[in-house]
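**Q** Quick check, what structure comes out for this input:
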Amino acid sequence: MGILNVTPDSFSDGGEFLDPRRALEHARAMRAAGATIIDVGGESTRPGAERVTGDHELRRVVPIVEALVREGATVSIDTMRASVARAALAVGASIVNDVSGGLADPEMHATVADAGADYVVMHWRDHSVTMQSRATYDDVVEEVLAELLDQRDAAVAGGVAPERIILDPGLGFSKTAEHNWQLLRHLDRFQGLGHRVLVGASRKAFLGHLLGGRAPHGRDGATAALSFWSALHGVWGVRTHDVEGQADAIAVALRLTSEGPLWGQ
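**A** Residues are numbered from 1 along each chain as shown. Predicted coordinates:
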């Protein structure tokens with residue numbers, strides 16, 4: 001899943017792809033490098049980020065989604081707002097990637113259910129400005145699993161078909177660096193829930209901390225190591241800024257597990 005942030009303030013690439021032409025060029029390059037899904041987002045969810053208005057978010061993402069669908073791309077809309085999800089689904093998006101897992105907008109479940117779309121439910125406790133104050137757990141693996149299942153159950157109760165649900169442990173969202181590592185060590189627990197699993201570790205701060213304070217663009221190698229780890233655990237997908245490096249790591253993991261390369265010889 002290639003990340004396309006059409007935002008001015010995302011932690012790694014904020015402002016780089018606000019121009020629609022640059023955004024589309026970048027999406028094409030990611031697809032050529034092996035991305036099977038382009039995840040379009042118009043609101044930063046980095047720690048401390050302020051929310052934008054729904055109108056701003058709509059103006060940023062809808063033209064990009066529409067253009068990518070016309071080009072044959074499979075598009076995911078990264079949003080917590082049902083109104084934005086509806087607009088993106090109406091122009092051809094097929095996945096809603098909701099970092100709040102349905103907790104930020106009570107209309108989201110019905111919107112996804114009505115469209116028959118796939119739905120990424122991420123573990124989430126609060127919005128970006130306050131989420132790190134809620135990074136408190138007695139047992140992070142058990143509590144994230146339980147809370148994520150509650151979010152899953154609410155989505156099903158709201159009409160979303162179970163087979164449409166993809167679970168995301170929410171690395172970095174109300175989590176410390178150590179919490180993230182513990183969750184990654186136990187990916188098998190998430191795989192055992194009976195749904196597809198998405199891992200979003202790309203360039204995140206806990207990798208920078210591990211590497212001595214390295215800036216986001218210097219974290220792609222560490223991200224690839226986690227993509228390799230995720231593939232060994234059979235996850236459905238990884239969400240990434242660096243598609244080529246992650247696709248290479250996944251191809252190696254799949255070859256080692258005798259499933260063959262993703263493409264070519």
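**Q** Neighbours of residue 221, how many?
**A** Residues near residue 221, counting by other Cβ atoms under 10 Å, number 13. C-beta coordinates here come from the backbone N, C-alpha and C atoms, glycine included.
**Q** hey, where'd the helices end up in the stretch 51-200 of the chain?
**A** Chain-ordered helices for the stretch 51-200 of the chain, with DSSP state H, counting those that start in this stretch as the definition, fall at 54-70, 82-90, 108-115, 140-157, 177-185, 187-191.
**Q** Would you mind writing the CA trace of the third one as CSV?
**A** Think helix 108-115. What follows is helix 108-115, C-alpha atoms only, in CSV (Å, rounded to 0.1, in the frame of the first residue of the first chain):
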residue,chain,number,x,y,z
MET,A,108,-18.6,5.7,9.1
HIS,A,109,-19.8,2.2,9.6
ALA,A,110,-23.0,2.8,7.6
THR,A,111,-21.1,4.6,4.9
VAL,A,112,-18.7,1.6,4.4
ALA,A,113,-21.5,-0.9,4.7
ASP,A,114,-23.7,0.8,2.1
ALA,A,115,-20.8,0.9,-0.3
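**Q** burial count for residue 65?
**A** Count around residue 65 with other Cβ under 10 Å applied: 26.
**Q** before we move on, the earlier item: okay if I get the helices of the stretch 51-200 of the chain as a markdown table plus distance to residue 235 and mean pLDDT?
**A** Converted to a markdown table, the helices of the stretch 51-200 of the chain look like this (distance: least, Cβ to Cβ, whole Å; pLDDT from 0 to 100):
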| stretch | distance to residue 235 | mean pLDDT |
| --- | --- | --- |
| helix 54-70 | 24 | 92 |
| helix 82-90 | 23 | 97 |
| helix 108-115 | 21 | 98 |
| helix 140-157 | 14 | 98 |
| helix 177-185 | 11 | 97 |
| helix 187-191 | 7 | 96 |
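**Q** Adding distance to residue 237, write those helices out as TSV.
**A** Shown next, in TSV, are the helices of the stretch 51-200 of the chain (distance: least, Cβ to Cβ, whole Å):
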stretch	distance to residue 237
helix 54-70	17
helix 82-90	19
helix 108-115	18
helix 140-157	16
helix 177-185	15
helix 187-191	13
